[in-house]
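**Student:** got a sequence here, can you build the structure:
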Amino acid sequence: MRPTRKLAQTPLFAKQSEAFSTLDRTRLSYERARAIGRAYALTIEDVLFLSQKFWDLHTDPIASIDGAAATLLTLQYNLCAGTLATYLPEQPSLAPLLQRVLDFQVSGQYCLTEIGHGLDVIHLETTATLLPDGCFDLHTPIPRAAKYMPPTSPVSPDFPCVSIVFARTTVHGEDHGVKPFVFQLHNGQSMTPGVTIKLLPPRGGSRPLNHSLTYFNHVRLPPTALLGNLTKPSDPRASFFSKIYRVAVGTIALSSLGVASLQVASYIAARYSLRRHVLDATGVSKPIISFQTQKQPILTAVAQAFVLQAMNKQAITWFTDAAIDPRVRHAVATVHKVTMIQTAQAANFTLGDRCGAQGLFEANQLPAMHSDMRGIAIAEGDLLGISIRLASELLLGRYSFEPPRYPDSLLAQHERGLFSELLHALAAAPSHRSASYDREILPRSLPLVQAIGHRLAYDAARAARVDEPLLDLFEIASVLQDEAWYVECLGTTRAELREREARALEAVFPHLEEYLGRMDVAPYVTAPIVSDKRWNRFVDTLQTFGETNGSWGEGVVGAFLYGEDSPLEVHMVPQRSVRSML
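**Tutor:** Alright, predicted model coming up:
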């Protein structure tokens, strides 16, 4: 049982906060993050050696209730605590601070990216200059060197902020590369002298968080603020990437939330579609999930949730295997992120639409989850950027994935076909830095990585013996994302592909209740639209104007009538004649 199962039912998580002020919502997210963190009670060993408990935290469906809290958790335990734990053996004095981070007594942050440096952050411009007395002068020399995005601004005296800050270090006038420093930015109210923070406005649609711009004006840091040593690295690039290793961990950890997103979104849409009834042309009330247009996206998302859960387990196994080439492990994280996020985002978008006007409101979780996942898609490298890098390295033969377990599967053939096409394009290009490479290969890098991800997910799920109907539906759903290739290269027809999808849907549908139960996410669903009881309770909480009619009783409600002659008409019928019209 997940350690948050009961926690999700407490008032801290059950309250509808959409009407709260931005600051109050932000504070609530911090309180929720602290509660989740303490429920998991991660240890130094958990964050340092990436235990199963560490990964469980990053797949917990409680993130669907508050994506801002999920962001705070991965910053706290992966980036901040994980980095501190790496340096603990050589710097045991870090132990008290690390324990405060693990206990969530402070907010742990990670200041790496700058306004002027995103994916090219290796060229960051924040400086740390060694002073004669052994201290450091931390400085933001120009506006574009401001640290961008980490939620560093004060929200409450209960959450002092400690951050790891990366800066280009100068020793006796010589560049010694980018190094991390750790110190307190503020005590929850008062800023550390020389630190300036500007609070950014909320991101569109997502749960609000205090994302900020952070500047340093000749902040004096003690020698103990430096993590690691002052030695000038022989290979600055390798040194830099080794120091930001936890970003690679974050690539796979954050995207693991895609599984929970798929589970919760499909559960909400399924429950709504089973509850919402319409009248057919004969006057018979039927649930809208009986229509293929509703059935297809919901069942597909359910199948994807089960298959990607198997992929997630396999990816973590590979990523944590020290015997595997580090470049391949990082590539696994990239493919994992692209597959998880794109699948979850597409499902959230479609399922939100299939819930009609209800899908627009944040209280029903779907639109907020979609916006929260947009942030994850960009964090630790946006999907297109990391796909271009991975595709180029694979095409140039710098490393490779293990061969497909099932080479004759449709998805393995698709991956092989796209790879071959791009190899031919590479052979015709003067170099991988040429205009033709930019034109012919870069725009097709993301589809190639998607194809690799679909194949890896299929292989993992088939090896894990995921139910065959679910696996078949995942496979055909992946095929239909590039049906032109299968028609052009494998000789199938569009009609054959649609028929295959229809058969897969009919095989899954009779087991929908079983699959919803097996996902075990009901305790994490706060959306009012999943039941009449929740909807009525939600309506009672709304700000009301005019007289209150205590019970609406046998009122008159609108019913949608689907018919051949009138595809969409609204008729007024007695409320008792339909099971539920909300």
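**Student:** mean confidence for the helix or strand residue 369 falls within?
**Tutor:** For residue 369, the host element (DSSP states H and E) is helix 366-378. The predicted model gives helix 366-378 an average pLDDT of 89.
**Student:** quick one: buried residues of it?
**Tutor:** By neighbour count with 16 or more other C-beta atoms under 10 Å, helix 366-378 contains the buried residues 366, 367, 368, 369, 370, 371, 372, 373, 374, 375, 376, 377. For the C-beta atoms, the positions are set from N, CA and C on the backbone; glycine is no exception.
**Student:** same question, stretch 16-35
**Tutor:** So, applying 16+ other C-beta under 10 Å, buried residues of stretch 16-35: 17, 25, 26, 27, 28, 29, 30, 31, 32, 33, 34, 35.
**Student:** likewise for stretch 468-481?
**Tutor:** For stretch 468-481, a neighbour-count test (16+ other C-beta under 10 Å) marks 469, 470, 471, 472, 473, 474, 475, 476, 477, 478, 479 as buried.
**Student:** so who does the first one touch?
**Tutor:** Contacts for residue 469 were tallied using C-beta atoms under 8 Å, 6 or more residues apart in numbering; they are 303, 504, 507, 508, 511.
**Student:** show me the shaky parts of the stretch 451-582 of the chain.
**Tutor:** 548-582 (pLDDT under 70).
**Student:** how about the helices of it, start to end?
**Tutor:** Remark: helices assigned in the stretch 451-582 of the chain by DSSP state H, counting those that start in this stretch are 468-479, 483-490, 494-508, 512-519, 532-540.
**Student:** need the ones you listed in JSON lines (columns: distance to residue 204).
**Tutor:** Supplementary listing: those in JSON lines, determined by distance: least, C-beta to C-beta, whole Å:
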{"stretch": "helix 468-479", "distance to residue 204": "29"}
{"stretch": "helix 483-490", "distance to residue 204": "32"}
{"stretch": "helix 494-508", "distance to residue 204": "34"}
{"stretch": "helix 512-519", "distance to residue 204": "29"}
{"stretch": "helix 532-540", "distance to residue 204": "24"}
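**Student:** what's the most buried one of those?
**Tutor:** Most buried of these, by mean neighbour count (mean count of other C-beta atoms under 10 Å): helix 468-479, with a mean of 22.
**Student:** burial of the residue nearest to residue 95 when sequence neighbours are not counted, as a residue count?
**Tutor:** Of all residues not flanking residue 95 in the chain, residue 88 sits nearest, at 6.4 Å (C-beta to C-beta, 6 or more residues apart in numbering). For residue 88, the neighbour count with other C-beta atoms under 10 Å is 16.
**Student:** enumerate every residue touching residue 88.
**Tutor:** Per C-beta under 8 Å, 6+ apart, neighbours of residue 88: 44, 48, 94, 95, 98.
**Student:** residue 362: how many residues sit nearby?
**Tutor:** Neighbours of residue 362 (other C-beta under 10 Å): 17.
**Student:** surely it touches residue 19?
**Tutor:** No - at 10.3 Å, residue 362 and residue 19 do not qualify as touching, with contact defined as C-beta atoms under 8 Å.
**Student:** returning to what we had before: in CSV: the buried residues of stretch 468-481, plus distance to residue 58.
**Tutor:** Shown next, in CSV, are these (distance: C-beta to C-beta, whole Å):
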residue, distance to residue 58
469, 28
470, 23
471, 24
472, 29
473, 26
474, 22
475, 26
476, 29
477, 25
478, 24
479, 29
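**Student:** elements contacting the longest strand belonging to the chain?
**Tutor:** Across the chain, the longest stretch assigned as strand under DSSP state E is strand 174-186. Using 3 or more C-beta pairs under 8 Å, 6 or more residues apart in numbering; DSSP states H and E, the elements in contact with strand 174-186 are strand 161-171, strand 195-199, strand 219-221, helix 236-243.
**Student:** now it - C-alpha only, CSV.
**Tutor:** The C-alpha coordinates for strand 174-186 follow below in CSV (Å, rounded to 0.1, in the frame of the first residue of the first chain):
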residue,chain,number,x,y,z
GLU,A,174,42.0,31.4,-13.7
ASP,A,175,38.8,29.7,-14.7
HIS,A,176,38.4,26.5,-12.7
GLY,A,177,35.1,25.5,-14.3
VAL,A,178,31.5,25.4,-13.0
LYS,A,179,31.1,24.3,-9.4
PRO,A,180,28.2,24.0,-6.9
PHE,A,181,27.8,26.0,-3.7
VAL,A,182,25.2,25.6,-1.0
PHE,A,183,23.9,28.3,1.3
GLN,A,184,20.6,29.8,2.7
LEU,A,185,18.9,32.3,0.5
HIS,A,186,16.5,33.5,3.1
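**Student:** quick one: low-confidence ranges for the chain?
**Tutor:** Along the chain, the parts satisfying pLDDT under 70 run over 548-582.
**Student:** can I see the domain layout of it?
**Tutor:** Under the assignment automatic domain parsing, the domains of the chain span 1-105, 111-243, 252-278+289-523.
**Student:** to residue 536, which of the ones you listed lies closest?
**Tutor:** Minimum separation from residue 536 across these (C-beta to C-beta) falls at domain 252-278+289-523, 12.4 Å.
**Student:** end to end, how far does that closest one reach?
**Tutor:** 25 Å (C-alpha to C-alpha, to the nearest Å).
**Student:** distance to residue 533 added to the domains of the chain, as a markdown table?
**Tutor:** Shown next, in a markdown table, are the domains of the chain (distance: least, C-beta to C-beta, whole Å):
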| stretch | distance to residue 533 |
| --- | --- |
| domain 1-105 | 14 |
| domain 111-243 | 25 |
| domain 252-278+289-523 | 11 |
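**Student:** among these, which is nearest residue 531?
**Tutor:** domain 252-278+289-523 (6.6 Å).
**Student:** sorry, back to before: now, of the helices and strands packed on strand 174-186, which is deepest in the fold?
**Tutor:** Highest mean neighbour count among the helices and strands packed on strand 174-186 (mean count of other C-beta under 10 Å): strand 161-171, a mean of 23.
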